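# Everything below, folded, please.
(2 chains)
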Amino acid sequence: MIDRRKFLTTVALGTASAAFLSACGQSSSSGQTGSADKPVTITYTWWGNDDRAERTRKAIALFETKNPDIKVNGNFSDFAGYWQKRATEAAGGGLPDVMQWDLSYLRDYGQRNQLLDLGTVKINTDGFDKSLLPSGQIKGKTFGIPTSTNAFAVYYDPAKLASLGIAEPDGSWNYKEFNAFLAEVGQKGNGTLFGGTDYTSVWWNFNIWLRQNNIKAFTDEGKLGFSKDDLKKWWNLSADLRGTGAIVGEDKTTQLLPKSPFGSNVTATEVTWDNFMAGYLADSGAKELKLVPVPSDDPDNLGLFLKPSMLMVASAKTKYKDAAARFIDFMVNDPEVGQIFKTSRGVPASKTQRDGTTFEGTDKLVVDYEKSIEKYLKDAPEPPIVGFGTLESTFKRVSSDLNYGKLTIDGAADAWFKEAEDLIKQNA
Amino acid sequence: MATPTQSTPAATQAPVYNPKSESVTAKRIKSAIFHIVALALVVMVLYPAIWMIASSFKPNSEIGGANNALWSANFSFDNFATAMDGIGGVSTLTFFTNSLILAVGAVVGTVLSASVSAYAFARINFPGRGLFFGMMIATLLLPFHVVIIPQYIVFQQLGLVDTYVPLLIGKFLAADAFFVFLMVQFMRGLPAELDEAARIDGAGHARIFGSIMLPLMKPALISTSIFSFIWSWNDFLGPLLYLNTPEKYPLPLALRLFVDQTQSSDYGAMIAMSVLALLPVLVFFLVFQRYIVEGVSTQGLKG
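This next block holds a predicted model:
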């Protein structure tokens, strides 16, 4: 049996060694540093296609020439595989040093202490719009620095509108005018060209409409900030359009997958993020696409905001905090990096990077659009709640049932609220 | 002229009951129906493959979506050129080589280890054989996803992440219970008199296994090779989790990089690369498929 004295010594020894170890940890808080002769190697991982891989490779090469004491090992995968891999690594304790990140996963990993508080390291954020930074922060800790932004917009194909003899919209419209526009396209398109997809089926559209009505989507406690009536009102907005040529049917949309109706040249407009431009151009083969602001019943409040299209984060367990911070700083601020990526990550978030980049063609369209809505921009929402991805996809699913006519508007609102409240309770 | 004279005896014979001639026409009709149905099924089954090959020659904007035509007027090899360009400075040939290394490693490892283990289970009466056999079968019931994280932690602590070891070591240690089971079943079907005769002649286990069992097991070995080659060739999750350096990626990881829903997707290049990626598997199957048939037909060897 262990007697009391022995027990106490053991505890004392244990506490002392724990204190010693944590002291060690603190003393090396800036992490190990390297030199030109003996560079440290950090790992950086991102998702994206072959084009992004090529651009990132160039950016890394540039970073290594400018910082001979740091080597960067890059690796990449597709978006879906990316999160499977991160989840496994997080469980195994081996997240890469620096990672490209998506807003919807920030709270989840941040709350579980997997990400480094970037407020404790040196990263220059002077060039950032102050309304943008909160989107990478949770409870006062900065977990992510936005690389680039995107904003919501209405896309249209000017060639298609011209062929139907419809004037191009100027983007100052309310919902009634927007509906009338969609209906006109549907009528003249005569079954071959539809107005658009049902704009009420996308969560972010709803969120923007809520902002236009000064309602918060989520309360500070992470609960729903709007009522069932708000949601019913929203789904009622396009009630007259469903089943007409103004909105492409859900069955048709499904047939077109994996492409979108807009990318398949079946609709003349689409309401979504402005960074889909390159994808739509590639899918549809259209010569030119244009962007205008979303409709609003309050012409002074469009509810628009800049959302980080992606963020840079570091692993909480990285041994090279200083090197990681320098790499993040380089990727978000360096003008030459902007010149490499153009708008393929979104519009560069940092002013130094944005100003140092020359934009042409499509890139310029997106940048000009974001500049044109500057005066309407309000603070970006906080990182979405845990499980937000599910809420978003449920929203889409319930709306498509509504479009199929399987649910009434009241039934759809009930169905969505029930699932949303269950989910929020589960994750609380 | 010859026809009418010849048809006369046939016409006179007609009233006579002739079951044979009737069943011949019936058989012909049946066979025609069978072939038509079979052909329709073949077209249905092959359509995706035909669609894929046709699409690999189409420009990206004409693939999927509202485009229903199988052939495009804008026929080109551009997709193949893009696919062969590689990704992020790594050539497509590297991805092919990596896939090949992994697949060949998997085949060699599985065939060696599974056949030895199967011999032990089928022919050696060691203590606890039933228990171990049961445990092996139990691993078949364990979904892969349950063991992902513990396995990852083990390999990470051993410093083996970003090497091919985690992807191949299981194959060399007979961790694929399915193949062990397949071979055990096969060996149980082989007459025990053969090993007894060999033992009387003074052969040990190694000799019996090498000279008697292995040659007889050819069909099982071949089907194991085919399956483990195809599974390894198509494996996505394993390489995704364990490999970090793009230079070590196999094809399935590279294939996904042409399709990115958050930016633009190059379906054309992806499909072209899929066509290229399919070729080795197809060749592998065509070469060994002969042996499957051969193996099955010589299997009727009973004591």
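# What residues sit buried inside the strand or helix carrying residue B:182?
Residue B:182 belongs to helix B:177-188 when assigned by DSSP states H and E. Neighbour counts using 16 or more other CB atoms under 10 Å in any protein chain shown place B:177, B:178, B:179, B:180, B:181, B:182, B:183, B:184, B:186, B:187 of helix B:177-188 among the buried residues. (Glycine included, C-beta is placed from N, CA and C.)
# Counting by contacts, list what the lengthiest helix in chain B packs against.
For chain B, the helix with the greatest residue count under DSSP state H is helix B:19-55. On a contact count with 3 or more CB pairs under 8 Å, 6 or more residues apart in numbering or on different chains; DSSP states H and E, helix B:19-55 meets helix B:267-297.
# these two touch, right, residue B:269 and residue B:82?
Yes. Judged on CB atoms under 8 Å, residue B:269 makes contact with residue B:82 at a distance of 4.1 Å.
# and the nearest residue to residue A:362 once chain neighbours are set aside, how many residues sit next to it?
Nearest residue to residue A:362 in three dimensions, chain neighbours excluded: residue A:277, at 5.5 Å (CB to CB, 6 or more residues apart in numbering or on different chains). The number of residues packed near residue A:277 is 24, by other CB atoms under 10 Å in any protein chain shown.
# quick one: low-confidence parts of chain A?
Regions of chain A meeting the criterion pLDDT under 70 cover residues A:1-31, A:428.
# What parts of the stretch 301-428 of chain A come near chain B?
residue A:344 (CB under 8 Å from any CB of the partner chain).
# Find out how far the helix or strand containing the residue nearest to residue A:362 is from the centre of the chain, if you would.
Element membership for residue A:277 (DSSP H and E) is helix A:277-284. Taking CA atoms, centre = their mean, to the nearest Å, the mean C-alpha location of helix A:277-284 is offset from the chain mean by 19 Å.
# now for it, which elements pack on it?
helix A:361-372.
# quick one on the thing from earlier: okay, the residue nearest to residue A:362 and residue A:365: tell me how far apart.
Going from residue A:277 to residue A:365 by CB to CB, to the nearest Å gives 7 Å.
# any shared contact partners between those two?
Common neighbours of residue A:277 and residue A:365 are listed as A:289, A:291 (criterion: CB atoms under 8 Å, 6 or more residues apart in numbering or on different chains).
# which residues touch the residue of the stretch 1-150 of chain A found nearest chain B?
Residue nearest to chain B within the stretch 1-150 of chain A (CB to the nearest CB): residue A:53, separated by 2.9 Å. Neighbouring residues of residue A:53 by CB under 8 Å, 6+ apart: A:76, B:87, B:88, B:89, B:246, B:257.
# Farthest-apart pair in these, please.
B:89 and B:257 (12.5 Å; CB to CB).
# Who has more neighbours out of the two?
residue B:257 (26 against 14).
# Look up how far residue A:110 lies from the more buried one.
28 Å.
# Chain A: which of the buried residues of helix B:177-188 is nearest?
residue B:177 (22.7 Å).
# which residues touch the closest one?
By CB under 8 Å, 6+ apart, the neighbours of residue B:177 are B:136, B:137, B:139, B:140.
# wait, isn't the last one in contact with residue B:178?
To tie it back to what came earlier, the one meant is residue B:140. Yes. In this structure, residue B:140 is within contact of residue B:178 by CB under 8 Å, at 6.2 Å.
# picking up where we left off before, what about residue B:269 and residue B:82, which has more around it?
Neighbour comparison, residue B:269 and residue B:82: the larger count goes to residue B:269, with 26 against 19 (by other CB under 10 Å).
# I'd like the distance between the more buried one and chain A.
Residue B:269 sits 8 Å away from chain A, going by CB to the nearest CB, to the nearest Å.
# how many neighbours does residue A:284 have?
If we define neighbours as other CB under 10 Å, then residue A:284 has 21 of them.
# So for residue A:258, what's the nearest residue that isn't a sequence neighbour?
residue B:64 (6.4 Å).
# Is the one you found in a helix, a strand, or coil?
coil (DSSP: H, G, I helix; E, B strand; the rest coil).
# Quick one: neighbours of the closest residue to residue A:219 other than its chain neighbours, just the number.
In space, and not counting its chain neighbours, residue A:219 is closest to residue A:225: 4.7 Å by CB to CB, 6+ apart. Counted with other CB under 10 Å, residues neighbouring residue A:225 total 14.
# Roughly how far does residue A:225 sit from residue A:217?
From residue A:225 to residue A:217 the distance is 6 Å (CB to CB).
# returning to what we had before: let me see the confidence value for the residue nearest to residue A:258.
With respect to pLDDT, residue B:64 has a value of 75.
# ranking the contacts of residue B:177 by neighbours, who comes first?
Of the contacts of residue B:177, with other CB under 10 Å as the count, residue B:136 tops at 18 neighbours.
# mind putting the buried residues of helix B:177-188 in TSV, pLDDT included?
Output for those, formatted as TSV (pLDDT from 0 to 100):
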residue	pLDDT
B:177	91
B:178	90
B:179	92
B:180	93
B:181	91
B:182	89
B:183	91
B:184	91
B:186	89
B:187	90
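# hang on, the earlier thing: in contact with the residue nearest to residue A:219: list those residues for me.
A:210, A:215, A:216, A:217, A:218, A:219.
# what residues go with each domain of the chain?
By default, I'm working from chain A. As given by automatic domain parsing, the domain ranges for chain A are A:40-148+A:309-366, A:152-305+A:382-427.
# switch to chain B, that's the one I care about
If you go by automatic domain parsing, chain B breaks into B:20-80, B:89-297.
# Spatially central residue in chain A, please.
residue A:309 (4.1 Å; CA atoms, centre = their mean).
# returning to that earlier point: which helices and strands sit right next to whichever helix or strand comes after the helix holding residue A:277?
Beyond helix A:277-284 on the C-terminal side, the first helix or strand identified by DSSP H and E is strand A:290-292. On a contact count with 3+ CB pairs under 8 Å, 6+ apart, strand A:290-292 meets strand A:152-156, helix A:361-372.
# what about residue A:147, how many neighbours?
26.
# Does it belong to a helix, a strand or coil?
Going by three-state DSSP: residue A:147 is strand.
# check contacts around residue 99.
This is for chain A. A:44, A:45, A:46, A:86, A:312, A:313, A:314, A:315.
# oops, chain B please
Contacts of residue B:99 (CB under 8 Å, 6+ apart): B:233, B:250, B:251, B:252, B:277, B:280.
# Check which helix or strand it maps to.
helix B:92-123.
# Report the mean per-residue pLDDT for that helix.
Helix B:92-123 comes out at a mean pLDDT of 94.
# what is the orientation angle of the helix or strand just after that helix with helix B:92-123?
Scanning forward in sequence from helix B:92-123 by DSSP H and E, the next helix or strand is helix B:129-141. Helix B:129-141 runs at 150 degrees relative to helix B:92-123, counting by axes from the mean of the first three to the mean of the last three CA atoms, to 10 degrees.
# And helix B:129-141, what does it pack against?
helix B:92-123, helix B:177-188.
# Let's see that with 7 Å instead.
helix B:177-188 (3 or more CB pairs under 7 Å, 6 or more residues apart in numbering or on different chains; DSSP states H and E).
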